[in-house]
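K.L.:
Give me a model of this one.
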Amino acid sequence: MNKLFPTQEIGSIGKPNWRVLGYRGVPITDEDFSEARYWGKKLKVEGYEKLLELLKSDDSHEVREGIREWSAVYAIRLQEAAGLDIVFDGEQWRTEMYEALVKEVNGFRFIGHVRSWDNKYYRKASVVEEIKWLKPVYLDEYLFTSAHTDRVVKLPFTGPYTVTDWSFNEHYQRLLSETVKDPRELRKRAYRDLLFEVSRKLIRPEIESLVASGVRWIQIDEPALSTQPGKEQVSDFVQAINEATSGFDCKFSLHVCYSSDYEALFPELLEARGISQYALEFANRDSNRTGEAKRSGYGVVKLLGELAAGKEVGLGVTDVHNDSVESPSLVRDRVLHAARLIGDPSLIYVNPDCGLRTRSWKVTFNKLVNMSRGAELAREEYNQSA
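P.N.:
Presented below is the predicted three-dimensional model:
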């Protein structure tokens, strides 16, 4: 984008209670109904009265699909009203980031729910046979979003490393068990085999179908990569993601959240040739919230500048784990600090640390509004000093 310090969200937005209950066919409360009406008015959602009618209707497949679509429209309008330059549907279309993909492909069998973090759970699957891509998973979601906004649309989805790490690996361990007897070596080799199979047989065909249908920006979400920051693991990921993304006319960004040491991922991660932006968390690790004299936690931004990598940074300026709303001036200071560290301000994009799905819509909206205002302040101050 030509705009300096463009703004984006890099994770999911919380599903309203009327979306969660209504999509399950469970009657909503008067409070939930009022919430749907309030945000419809506040966000100036055209035709939101139709959603209110659906919420009062008897349960049916058509009613559930309609409620899901309206929640996506609401999430798009929320981002637009908050001033974001790059939007998506807030993942309202999906159940959960892992399940949304693996339930649509061959080879996985769901085992049960496991805890991922806080009080959030996902439905874990085991790979029980050869994996196979069957049809586009995210295309309808992208087409719907594109039809409901005139802003830049980015499509995020779960990458090969996280799919591999969050799955049990029965099939590929079984294939190797006759020749590899050491348990550690067996798990290690089966893990790598599954990683590359997911990359080649699931992620690449999905990307191919999306790009052929007009998608021009895909965000690869890899929360698991930050939990395994060893050099060998990063090298395996780089090889897998290069196989998945090479040769496409599409922008690829990589979202990795909450690493104990982002710098441990570099410089090896720069070998991911198709990745042009790293969207990372910084607000949560910012040691100084009032100035930059002692500000820490931005080492990877400085490192990327020193390496002359030319890679963009999706700069987390908003903490997603509390309800405190960052002031525009704090956002401005964080953006300008990062711009000075990297040396080229055009490489800085502005976003929350991760998805705001654990926050209420009120808090989410206020955080995104102030994030956009802070980016504008940074833009003005930088242009005045240039």
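K.L.:
Which helix runs longest in the protein?
P.N.:
helix 361-385 (DSSP state H).
K.L.:
Same question for it: list its buried residues.
P.N.:
361, 363-379, 382 (16 or more other Cβ atoms under 10 Å). Every residue, glycine included, has its C-beta placed from N, CA and C.
K.L.:
do stretch 337-349 as well
P.N.:
His337, Ala338, Ala339, Leu341, Ile342, Pro345, Leu347, Ile348, Tyr349.
K.L.:
Please flag which of those residues sit within helices.
P.N.:
His337, Ala338, Ala339, Leu341, Ile342.
K.L.:
Could you dump the residues you listed into a markdown table and include distance to Glu91?
P.N.:
Output for those, formatted as a markdown table (distance: Cβ to Cβ, whole Å):
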| residue | distance to Glu91 |
| --- | --- |
| His337 | 30 |
| Ala338 | 26 |
| Ala339 | 29 |
| Leu341 | 31 |
| Ile342 | 29 |
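K.L.:
measure Ile241 to Val198 for me?
P.N.:
11 Å (Cβ to Cβ, to the nearest Å).
K.L.:
Repeat that for Lys251.
P.N.:
From Lys251 to Val198 the distance is 22 Å (Cβ to Cβ).
K.L.:
Those two: which has the busier surroundings?
P.N.:
More crowded of Lys251 and Val198, by other Cβ atoms under 10 Å: Val198, with 28 against 17.
K.L.:
SS state for the more buried one?
P.N.:
Following DSSP: H, G, I helix; E, B strand; the rest coil, we place Val198 in the helix state.
K.L.:
That one: what's its closest spatial neighbour, skipping adjacent residues?
P.N.:
Counting by Cβ to Cβ, 6 or more residues apart in numbering, Val198 lies nearest to Pro160, which is 4.2 Å off, once chain neighbours are set aside.
K.L.:
Then Ile220?
P.N.:
When the adjacent residues along the chain are set aside, Ile220 lies closest to Gly159, with 4.1 Å between them (Cβ to Cβ, 6+ apart).
K.L.:
And the average pLDDT for the longest helix of the chain is what?
P.N.:
In this model, helix 361-385 has a mean pLDDT of 96.
K.L.:
Show me the contact partners of that helix.
P.N.:
3-7, 9, 13-14, 16, 35, 39, 78-79, 81-84, 317-318, 323, 325-332, 334-336, 339, 345, 350-352, 356, 359 (Cβ atoms under 8 Å, 6 or more residues apart in numbering).
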